[in-house]
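J.: okay, predicted coordinates and the sequence, questions at the end:
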Amino acid sequence: MASCEDELVGKIPEIKKSLASLSMQQIQLVDLKKSISKELDQLRSSRAHNHKYGAVHPYPRLPTGGRHQR
C-alpha cells in the first residue's frame, strides 16, 4: 500500500501539466483582451470621426496592467 506521501509525489507530474495548461490559457486570455481592446478603440475612433461635436464613448476601456487584475 502506497503511503500518502507516495500518492502526493505521484501527482506532481499531473499538477505540473495542469499548471502549464493554465499558463497557456492565461496567455490566450491576455491576447484576447488586447484584441478586444483594439477593436473597441477602433470603434471609438470611428464613432468620434462620425460625430461633428465629439464622440460619446459607450465602450468602456478594458483594464490594463498586472497579471492578477480583475
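T.: Great, that's in hand.
J.: tell me the mean pLDDT over stretch 40-60?
T.: For stretch 40-60, the mean pLDDT works out to 69.
J.: which helix or strand contains residue 27?
T.: When secondary structure is defined using DSSP states H and E, the element that contains residue 27 is helix 4-50.
J.: which helices and strands sit right next to that helix?
T.: Applying 3 or more Cβ pairs under 8 Å, 6 or more residues apart in numbering; DSSP states H and E, we find helix 4-50 packed against no helix or strand. (Each C-beta comes from the backbone N, C-alpha and C, glycine too.)
J.: ok, residue 2 to residue 11 distance?
T.: In this view, residue 2 and residue 11 are 11 Å apart by Cβ to Cβ, to the nearest Å.
J.: same question, residue 26
T.: When distances are taken as Cβ to Cβ, residue 26 and residue 11 turn out to be 22 Å apart.
J.: again with residue 24
T.: For residue 24, the distance to residue 11 under the criterion Cβ to Cβ works out to 20 Å.
J.: go on, residue 37?
T.: The spacing between residue 37 and residue 11, counted by Cβ to Cβ, is 38 Å.
J.: the more surrounded of those two?
T.: Taking neighbours as other Cβ atoms under 10 Å, residue 37 and residue 11 compare with residue 37 leading, 15 against 11.
J.: ok, now how distant is that one from residue 4?
T.: For residue 37, the distance to residue 4 equals 47 Å [Cβ to Cβ].
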